[in-house]
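> Return a 3D structure for these sequence lines:
(one chain, ligands or ions: 1)
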Amino acid sequence: MVKPTIVIYKYLLNSSPAVAVSQTTIDNIKSVINNDVATLANGYFTGLTIEEYNGRPDDDPRFVMVDSEFGMIQTNGYISVACRQSITGGSGSSFVARSGNTLMYGGMLFETSPTLSTIRHESGHTFINFEHPFDFVAVALNELSVMNYASTGKRTDTFSQKDIEASKFSYSRPLGNISPDYDPEGSSFKISEKIIIKKYIDP
Ligand SMILES: [Zn+2]
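Reported below is the predicted structural model:
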């Protein structure tokens, strides 16, 4: 697939009458995508196309909700970013479908005014396939990461040096690869084409 197109909704999901997302929040989302995410994965996500949708997600037939807390565009090549008054069980969520290392479709949903740190965390799930370090390694052994929770004491507000390095490894491809996910036969990097869905709700 081609690099994803990002659709940012300028009005709150489910607001009636429609309530605008603050310009600060819109700017913060764009800043994370254009500046932070762009430094990851050896620059693979540099220069993504961002569409600003001048309405609520409710007004866009491409937008769907899953399990009431995950919003997305279920079309290959699209990632949605929407805000809502509240999210049950957290302040941000991510829904992503992948085939191998190929990001197919998905979305991020935030409360009304997400912090830059929260936007970066959900972007780590969405774009890089990052999980939570503390789910796999004892907290004492964890590196500093924007993917940790603050409660671990290992959370950074920006993508840490280790995050940046890990993103390069996860997106490194063998010679002969046709970006992003067609590896030459016999390559040790050859990975399953099975579609995997990942969902997160974060504090
Ligand atoms: Zn998370």
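> contact partners of the biggest helix by length in the chain?
For the chain, the helix with the greatest residue count under DSSP state H is helix 116-128. Contact partners of helix 116-128, identified using CB atoms under 8 Å, 6 or more residues apart in numbering, comprise 4, 28-29, 31-33, 36-37, 40-41, 45, 79, 91-94, 96, 103, 106-108, 110, 114, 130-131, 146-147, 155, 157-159, 163, 166-167, 170-171, 198, 200, 202. C-beta here means a position set from N, CA and C on the backbone, and glycine is covered the same way.
> Which positions within the very next helix or strand once past that helix qualify as buried?
Next helix or strand after helix 116-128 toward the C-terminus (DSSP states H and E): helix 161-171. Applying a neighbour-count criterion of 16 or more other CB atoms under 10 Å, one finds Lys162, Asp163, Ile164, Ala166, Ser167, Tyr171 buried in helix 161-171.
> ok so, going back, does the ion sit close to the longest helix of the chain?
No - Helix 116-128 stays clear of the ion (CB under 5 Å from the ion), getting no nearer than 5.5 Å.
> now Thr5, nearest residue through space, not along the chain?
Thr49 (4.6 Å; CB to CB, 6 or more residues apart in numbering).
> tell me the contacts of the one you found?
Lys3, Thr5, Ile6.
> and if we set it to 10 Å?
Shown in contact with Thr49 (CB atoms under 10 Å, 6 or more residues apart in numbering): Val2, Lys3, Pro4, Thr5, Ile6, Val7, Gly77.
> Bridged to the fourth one, which residues?
As for beta bridges, Thr5 partners with Tyr78 under DSSP bridges.
> re earlier: which of the buried residues of helix 161-171 come close to the ion?
Answer for these near the ion: none qualify (CB under 5 Å from the ion).
> Looking at the residue nearest to Thr5 now. What's its pLDDT?
pLDDT recorded at Thr49 is 97.
> Relative to Val7, how far out is Ala18?
16 Å (CB to CB, to the nearest Å).
> These two: which has the busier surroundings?
Val7 (23 against 14; other CB atoms under 10 Å).
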